[in-house]
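Colleague: Just a sequence and a predicted model for now, questions to come.
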Amino acid sequence: MPLLTDIERDAFLNERGVLMRIAVVRPDGRPLVTPIWFLYEEGAIWFTPRGKSEWFACLRRDPRVALCIDEQPLPYRKVLVEGKAELTHDVGNDAVWRERYRRIARRYVDDAGADGYIQNTINQPRGLFCVKLANADVKTWRMPLPGEDGMGIWHDRYYTPGTSFG
């Protein structure tokens with residue numbers, strides 16, 4: 001199973017338009033998964049829930065998260081992260097980190113669109129969270145690239161005893 005190198009992982013996490021799905025734990029133990037915008041900087045994944053969002057309330061109560069960042073087209077790259085989200089700026093401190101928020105928005109829309117989005121939502125307070133990859137369980141994967149062996153790419157646990165690739 002080909003893994004992404006750190007360079008490939010970082011390049012993928014910095015590609016424009018790639019969404020992240022964040023899973024948090026509701027008070028009753030049920031999972032809540034939400035697709036969101038994110039930014040990868042300083043070895044961390046940054047994201048910004050609005051103050052009134054359900055998943056922000058879940059993170060306040062329990063910072064455990066699972067993050068899934070993947071793509072539909074080949075080579076089906078994915079980065080899976082399990083860890084704890086750190087609230088770096090609480091609601092009401094948005095002006096302190098607004099430039100990071102602008103960089104998040106610019107990953108998904110052009111500069112003018114990002115500035116307009118920020119202006120249109122400036123009265124919707126947000127928190128800023130990050131998950132530092134160094135403190136998390138990170139798994140990566142991709143399909144083989146041209147020239148790489150395409151057989152036996154799955155983890156050994158998926159194959160029944162005696163599986164042959166020839």
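Modeller: Nice, thanks for sending it over. Residues are numbered from 1 along each chain as shown.

Colleague: so where's this structure uncertain?
Modeller: Within the chain, the ranges that satisfy pLDDT under 70 run 151-155, 165-166.

Colleague: residue nearest the centroid of it?
Modeller: Centrality entry for the chain: nearest residue to the mean C-alpha point is M20, 4.1 Å, by C-alpha atoms, centre = their mean.

Colleague: Report the contact partners of that one.
Modeller: With contact taken as C-beta atoms under 8 Å, 6 or more residues apart in numbering, M20 is in contact with 35-38, 45, 47, 67-69. Just so you know, the C-beta spots here come from the backbone N, C-alpha and C atoms, and that holds for glycine as well.

Colleague: Out of these, which comes closest to D111?
Modeller: Set against D111, the nearest of the contacts of M20 by C-beta to C-beta is W37 (15.1 Å).

Colleague: where along this protein do the strands fall?
Modeller: 20-25, 31-36, 39-41, 44-47, 64-70, 78-84, 86-89, 128-132, 137-141 (DSSP state E).

Colleague: TSV for those, including distance to R9?
Modeller: Shown next, in TSV, are those (distance: least, C-beta to C-beta, whole Å):
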stretch	distance to R9
strand 20-25	14
strand 31-36	19
strand 39-41	9
strand 44-47	11
strand 64-70	10
strand 78-84	6
strand 86-89	20
strand 128-132	14
strand 137-141	5
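
Colleague: Pull out the buried members of the contacts of M20.
Modeller: Neighbour-count burial (16 or more other C-beta atoms under 10 Å) applied to the contacts of M20 gives 37-38, 45, 47, 67, 69.

Colleague: Adding distance to P146, write these out as JSON lines.
Modeller: Below are the buried ones among the contacts of M20 laid out as JSON lines (distance: C-beta to C-beta, whole Å):
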{"residue": "W37", "distance to P146": "31"}
{"residue": "F38", "distance to P146": "29"}
{"residue": "I45", "distance to P146": "29"}
{"residue": "F47", "distance to P146": "34"}
{"residue": "L67", "distance to P146": "29"}
{"residue": "I69", "distance to P146": "23"}
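
Colleague: All good on my end, thank you.
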